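K.L.:
Here you go, sequence then predicted model.
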Amino acid sequence: MGKKIVITTFGSIGDLNPYIALARALKVRAHSPTIATSELYRETVEKAGIGFYPVRPDIDPDDYELVRRIMDPKTGPEILIKQVLLPRLSESYRDLLEVSAGSDLLITHPITFAGPLVAEKTGIRWISTVLAPLSFFSAYDLPVFAPYPYLKKLDFLRPWTGKLFLKFGRFVTWDWSAPVRQIRSEIGLPPGKDPIYEGQFSPEMTLGLFSPLLAKHGSAAPAASPPDWPQNTRVTGFVFHDEPVKRGAEDTESTRRCEEFLDAGPPPVVFTLGSSAVMAAEEFYRHSFEAARTLGIRAILLTGRDTDNRPAEPLPDEIAVFDYVPYSKIFPRSAAIVHHGGVGTSAQALKAGKPMLVVPFAFDQPDNAFRLTRLGVGRTLYRNRYCAHRAARELKILLEHPAYAKKAQRAGIALRSERGLEAACDAIEEVVG
């Protein structure tokens, strides 16, 4: 018998896509999923054939200044949590409580802070998820934190350095989550665990919706997991959903013109900043354009809706610019990919089996960049060092040393053999029955 399942998420389209894939697969299995997230995504979710319920806070898609502040590597997480999410936590809680009434299962995203509150208050079955290894905050596989990337150099002293640094991190961020403890008190719950860290995880099951390739142990087997990961963690593999947000005539025309460009010559280098970093691109696309010209290579720039990101017309024949094209259409036909290290973009690049230059901005992106570099599939050039000269130099190395392409091809073969979506659905059905 099918179950009523509420899936709640928050963030960019990259934080939504895996859950759309999950909801569609659960629907095929005769369950009744509803995605509960910001009103901004109603059309996207409903066009995917999934039930939608609005959960505050809402996102203004045109507030580029806020996105730029959130994408700051040092202060972005604090701004997101203290100024965007937690001031509206009571509203998030009420919205999620309402949609969860009568449901059989709640599935949460790492920063849907209302989720654990609803689960504990109502007793609904609960599965937590993470999209990238960083969210586990493991001292045994110490992540690269955007404000302090240099601390990764102390990794050889793990786990003691990791434990010390994570203890310091908890101290620094403790006051961020004060509104969570206040609401817990108001609704009759004990103070609970730190909601930014272990408090986000369900005691029943946590799904790692990423490839084991990104984990230090490289294995999906629970026995291979770091000892400080949550109990009952299951690493499923990536869960893919890659369709135009609107799926209108404009998207179809962009895809057609892109395919014509791909057919007209050698594989290009693709430059993209995903769905959030693209709103804080600054000089990234200008430098990328100049790097491509310097190397004399064909290139595709995916610049988003901000016209300031587009190079001046007329463009040379070797370079094409589009707002967006589905990565599954373009990455497999590229020579290499330059991207920001968002986990969704990283997943598509790995699946395509192409070498990559990662230019991380904030949040999990520096950590994802490190893990991709550790795999040998690419190189990292930090955002504050990205310029035409350095980008051209790094791309030249990437394209001329066959080891990167060979390792990327091997990673692509391994990733394409994973059954992430099926494994995630199987795990969910183990819990919900």
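P.N.:
Arrived safely.
K.L.:
Now for Gly169: which residues touch it?
P.N.:
Gly169 makes contacts with 137, 145, as judged by Cβ atoms under 8 Å, 6 or more residues apart in numbering. (Each C-beta comes from the backbone N, C-alpha and C, glycine too.)
K.L.:
Check the secondary structure at it for me.
P.N.:
When classified by DSSP: H, G, I helix; E, B strand; the rest coil, Gly169 comes out as helix.
K.L.:
try Thr129
P.N.:
Once three-state DSSP is applied, Thr129 turns out strand.
K.L.:
my read: it touches Phe210, true?
P.N.:
No. The criterion here is Cβ atoms under 8 Å, and Thr129 misses it with Phe210 at 9.9 Å.
K.L.:
Contacts only, for Glu283.
P.N.:
Cys387.
K.L.:
Ignoring the adjacent residues along the chain, who's closest to Phe331?
P.N.:
In space, and not counting its chain neighbours, Phe331 is closest to Ala352: 3.7 Å by Cβ to Cβ, 6 or more residues apart in numbering.
K.L.:
Counting neighbours, what do you get for that neighbour?
P.N.:
Per other Cβ atoms under 10 Å, the neighbour tally for Ala352 reads 23.
K.L.:
give the contact list for it.
P.N.:
327, 331-332, 334, 337, 412.
K.L.:
Of those, grab the buried ones for PyMOL.
P.N.:
For the buried members of the contacts of Ala352, the matching PyMOL selection, counting by 16 or more other Cβ atoms under 10 Å, is:
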select buried, resi 327+331+334+337+412
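K.L.:
Next step: the contacts of Ala352 restricted to strands.
P.N.:
Among those, the residues falling in strands (DSSP state E) are Ile337.
K.L.:
What is the nearest of the contacts of Ala352 to Thr345?
P.N.:
Lowest distance from Thr345 to those (Cβ to Cβ) belongs to Tyr327, with 6.8 Å.
K.L.:
For the residue nearest to Phe331, give its distance to Lys27.
P.N.:
Ala352 is 27 Å from Lys27, where distance means Cβ to Cβ, to the nearest Å.
K.L.:
One more: Ala21?
P.N.:
11 Å.
K.L.:
Kindly report the same for Ala299.
P.N.:
Distance from Ala299 to Lys27, by Cβ to Cβ: 39 Å.
K.L.:
ranges for the strands of the stretch 51-200 of the chain?
P.N.:
For the stretch 51-200 of the chain, the strands defined by DSSP state E, counting those that start in this stretch occupy 51-54, 105-108, 125-130.
K.L.:
Could you check how far the second one is from the centre of its chain?
P.N.:
Distance of strand 105-108 from its chain centroid, counting by Cα atoms, centre = their mean, to the nearest Å, is 18 Å.
K.L.:
Ok, the longest one next?
P.N.:
Computed by Cα atoms, centre = their mean, the chain-centroid distance of strand 125-130 equals 17 Å.
K.L.:
Just checking: what are the partner strands of it?
P.N.:
Using DSSP bridges, the strands paired with strand 125-130 in its sheet are strand 105-108 (parallel), strand 206-208 (parallel).
K.L.:
Using TSV, please lay out those together with mean pLDDT, distance to Asn232 and mean neighbour count.
P.N.:
Putting the strands paired with strand 125-130 into TSV (pLDDT from 0 to 100; distance: least, Cβ to Cβ, whole Å; neighbours: other Cβ atoms under 10 Å) gives the following:
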stretch	mean pLDDT	distance to Asn232	mean neighbour count
strand 105-108	99	14	27
strand 206-208	98	6	26
